[in-house]
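In: let's see this in three dimensions:
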Amino acid sequence: MLKSRKYYAVLLLLLVLVIALPFMRSRKKFVTNSGVVWTTEYHITYEARGDLNDSIQQVLATIDQSASAFNKQSLVSAINEGRSDVADRLFKVMYTKALEVNKASDGLYDPTVMPLVNAWGFGYKNGQLPTKEQIDSILAFVGIGHTRLDGLRIVKDDPRVQFDFSSIAKGLACDEVAAMLVRNGATNYMVEIGGEVVARGVNERGEPWRVSVDLPVPDNEKGAVHSNAVVLCLDSLAVATSGSYRKFKEVDGKKVSHIVNPTTGSSETSSLLSVSIVAPDCMSADAWSTACMAMGLGKTQAMMEKNNALGVMTISTDDDGNFVVWSNKRFADLVK
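Out: Okay, the predicted model is just below:
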């Protein structure tokens, strides 16, 4: 009788192991995928049952095919060149968000700024500095108000209107990769593409994700030096930073910024060096950081001081060249 019991006990143990083995093999683990996309580095860490790099690459390729004005085969290039007037899902998402931020910022965020960006030599054309007459002629067809979305059809009132979603595409990419991770069962992840970040849950040590925001320290050789301004604790939030210190050129000893005001056509130069935005999604953070750079220090602080939906930090310089850091309460509450 005793031997019989032992036999059944061993048999039961083997049965349990056979049933449990597939689950043991597929248990979640933290994985990190890194690479380069759109000439910038990305680092994506997540907890999942396998390596999702192939899915990440598919998401990035899909966004490139929809949103990149530097990809001549992309949808936005086809729309800019008049070869198509039909949007896809991603284009519609970007257009809708851009229209929202455009209205809220009094037109200072505008995705149709591409011709002005090109005129200042920061787009896919490497032009010379534009004259006032050239700027005025371009302003005649810059403005999202020259366009509308009719279902999935993009309607322009001037065929020269061109879209530039560079200031929103990386944020969208972070959101789309995050959504893919969630569909594959990930509840803990951090997605960083070119400094734009979305994070949820905890890291491998079981601690909240901590994200560093750089001081805007320029470097003649590298373009910027990474030096921490603050560290944020993020969970189900995103952060994006825009600045005039990373992308600029000098003409006759004068610094020319890539931040172009879509209402005046001018390259914006001011004491405001960078703006960091915390938002529920990275696309909104990306768009608003660009909008605030065009808005300038005073208007940004006045608009965002009591904003509970967005966290905002500005870094500017005083008359002596010293850094001046300001943030609203929403942002300050996330600083660790």
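In: ok, residue 305 - how many residues close by?
Out: 12 (other C-beta atoms under 10 Å). Bear in mind the C-beta positions are built from the backbone N, C-alpha and C, glycine included.
In: just residue 54 next, same as before
Out: Neighbours around residue 54, by other C-beta under 10 Å: 9.
In: with residue 178 instead?
Out: Residue 178: 24 neighbours (other C-beta under 10 Å).
In: quick one: it from residue 77, how far?
Out: Distance, residue 178 to residue 77, by C-beta to C-beta, to the nearest Å: 26 Å.
In: where along the stretch 151-300 of the chain do the helices fall?
Out: 166-183, 282-295, 297-304 (DSSP state H, counting those that start in this stretch).
In: give me the helices and strands touching the second one, please.
Out: Packed against helix 282-295, as judged by 3 or more C-beta pairs under 8 Å, 6 or more residues apart in numbering; DSSP states H and E, are the following elements: helix 89-104, helix 166-183, strand 196-200, strand 237-243, strand 272-279, helix 297-304.
In: which residues are in contact with residue 108?
Out: Residues counted as contacts of residue 108 (C-beta atoms under 8 Å, 6 or more residues apart in numbering) are 261-263, 291, 294-295.
In: just among those residues, which is most surrounded?
Out: residue 294 (28 neighbours).
In: ok, and the closest non-adjacent residue to that residue?
Out: The spatial neighbour of residue 294 that comes closest, neighbours along the chain excluded (C-beta to C-beta, 6 or more residues apart in numbering), is residue 108 at 4.2 Å.
In: surely residue 160 and residue 139 touch.
Out: No. In this structure, residue 160 is not within contact of residue 139 by C-beta atoms under 8 Å, at 11.4 Å.
In: need the contacts of residue 108 in TSV (columns: pLDDT and distance to residue 103).
Out: Converted to TSV, those look like this (pLDDT from 0 to 100; distance: C-beta to C-beta, whole Å):
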residue	pLDDT	distance to residue 103
261	87	17
262	89	13
263	90	13
291	95	11
294	90	14
295	92	14
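In: going by distance to residue 308, which of those wins?
Out: residue 291 (17.9 Å; C-beta to C-beta).
In: quick one: the closest one from residue 261, how far?
Out: 11 Å.
In: same check, this time on residue 44
Out: 34 Å.
In: again, but for residue 186
Out: Distance, residue 186 to residue 261, using C-beta to C-beta: 40 Å.
In: check contacts around residue 297.
Out: Each residue near residue 297 by C-beta under 8 Å, 6+ apart is listed here: 270-272, 314, 316.
In: out of these, which end up buried?
Out: 272, 314, 316 (16 or more other C-beta atoms under 10 Å).
In: what sits against the closest residue to residue 289 other than its chain neighbours?
Out: Nearest residue to residue 289, sequence neighbours excluded (C-beta to C-beta, 6+ apart): residue 242, at 3.7 Å. Residues near residue 242 by C-beta under 8 Å, 6+ apart: 167, 259, 274-275, 286, 289-290, 292-293.
In: roughly how far apart are residue 242 and residue 79?
Out: 24 Å.
In: swap in residue 215?
Out: 38 Å.
In: between those two, which has more neighbouring residues?
Out: With neighbours defined as other C-beta under 10 Å, residue 215 and residue 79 compare such that residue 79 has more, 21 against 17.
In: surely the more buried one touches residue 153?
Out: No. At 10.4 Å, residue 79 does not count as touching residue 153 under the criterion of C-beta under 8 Å.
In: intersection of neighbour lists for these two?
Out: 85, 87.
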